[in-house]
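Chemist: Let's see this in three dimensions:
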Amino acid sequence: MSKIKQHIIETASILFYKNGYNSTGINEIIAEAGIAKATLYNHFKSKEDICLAYLRHKDANYLKDLSAYCGVMPKGKQQILAIFDFLELFFKKEEFAGCWCVKTLAEVPKENIRIVNEIQTQKNNFISFISDLISSNLNIYSQSDLKIMSRQIYLLYESAVTESHLHQKKWPILEAKSICDKISA
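Modeler: Model (predicted):
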């Protein structure tokens, strides 16, 4: 990927995450990136294409950092609970504005299949990530139990993201972690 394309994605990512997809215009991205309109359209055909790149950029970076964070924790339940510790660190960052997927989904019509499918893919990949953590750290013998526990922890995590953003407090993260600790016993 060219440096210019990466710069556009990073600029758009900051703006979309901070201000929202609908509130961020193409001209604002161009101005913030310090590029010509033709340069932007040379790399992206539409705002929707920029949005897809933004979603993929945020997801790839977050999962990479989350995986690295969990991987240094002691084997066992601690690696699973670490997803909530990582979320707490994310929450403490000044730019924390909740889940980029949920924010974007709230702004696009459900008929926007490309964006909706990308968000569903990211969420399913996160469930798979959780499932892999469980498989590597707990003795779950049934695929059915693994699937159920993965989805339960996913729901706890997603609600913790949304509610910590809503309340601007970390208690939803701490409570979700506490519930996760109980169900993964």
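Chemist: Give me the nearest residue to the residue nearest the centre of the chain, chain neighbours excluded.
Modeler: Of all residues in the chain, the one closest to the mean position by CA atoms, centre = their mean is Asp59, 4.9 Å from it. Nearest residue to Asp59, sequence neighbours excluded (CB to CB, 6 or more residues apart in numbering): Gln122, at 4.7 Å. From N, CA and C alone the C-beta is placed, and that goes for glycine too.
Chemist: neighbours of the residue nearest to Phe90 when sequence neighbours are not counted, just the number please.
Modeler: Spatially, and ignoring its direct neighbours in sequence, Phe90 is nearest to Phe96 (6.1 Å; CB to CB, 6+ apart). Other residues near Phe96 come to 15 when the count uses other CB atoms under 10 Å.
Chemist: Just the pLDDT for Phe96.
Modeler: Phe96 is assigned 90 on the pLDDT scale.
Chemist: what's the residue lying closest to Asn112 once chain neighbours are set aside in contact with, if anything?
Modeler: Computed as CB to CB, 6+ apart, the closest residue to Asn112 that is not its neighbour in sequence is Glu48, at 7.1 Å. The contact partners of Glu48, taken as CB atoms under 8 Å, 6 or more residues apart in numbering, are 112, 114-115.
Chemist: which one among those residues gets closest to Gly20?
Modeler: Nearest to Gly20 among the contacts of Glu48 is Ile115, at 13.5 Å by CB to CB.
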